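*Asks:* 3D model of this:
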Amino acid sequence: MKLCEMAQEYRVNVALLELRIKQLQAAQKRTRQPEVRYRLKQRAKFLQTLINESRQTVFLMEHYHDHSEEGDAHADCRAV
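*Replies:* Next up, the predicted model:
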């Protein structure tokens with residue numbers, strides 16, 4: 001698997017994590033129990049950390065060859 005393919009997989013997973021955060025936020029608004037609300041908020045916070053780390057990893061994978069002798073030969077792997 002190429003780095004660009006791995007980066008795309010990470011992007012798909014980021015989108016799924018973002019969707020899950022939205023679901024947790026909706027559930028958080030619906031609940032009246034403070035403990036449940038707190039736990040949902042903590043889950044969303046943890047998922048946001050995963051999203052941030054995944055985005056950093058995507059950036060590194062997409063720019064891994066930027067300083068190689070081949071120049072910008074791997075630009076076609078980068079997501080738009």
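*Asks:* Okay, Asp66 and Glu53: tell me how far apart.
*Replies:* 21 Å (CB to CB, to the nearest Å). C-beta here means a position set from N, CA and C on the backbone, and glycine is covered the same way.
*Asks:* which residue sits closest to Val14, ignoring its sequence neighbours?
*Replies:* Leaving aside its sequence neighbours, Val14 sits nearest to Ser54 (CB to CB, 6 or more residues apart in numbering; 5.0 Å).
*Asks:* any idea of the mean pLDDT in the helix or strand hosting that neighbour?
*Replies:* Element membership for Ser54 (DSSP states H and E) is helix 34-62. For helix 34-62, mean pLDDT rounds to 97.
*Asks:* and that helix, what does it pack onto?
*Replies:* If contacts are counted by 3 or more CB pairs under 8 Å, 6 or more residues apart in numbering; DSSP states H and E, helix 34-62 sits against helix 3-30.
*Asks:* Specify the angle between the helix it packs on and helix 34-62 in degrees.
*Replies:* Relative orientation of helix 3-30 versus helix 34-62 (axes from the mean of the first three to the mean of the last three CA atoms, to 10 degrees): 160 degrees.
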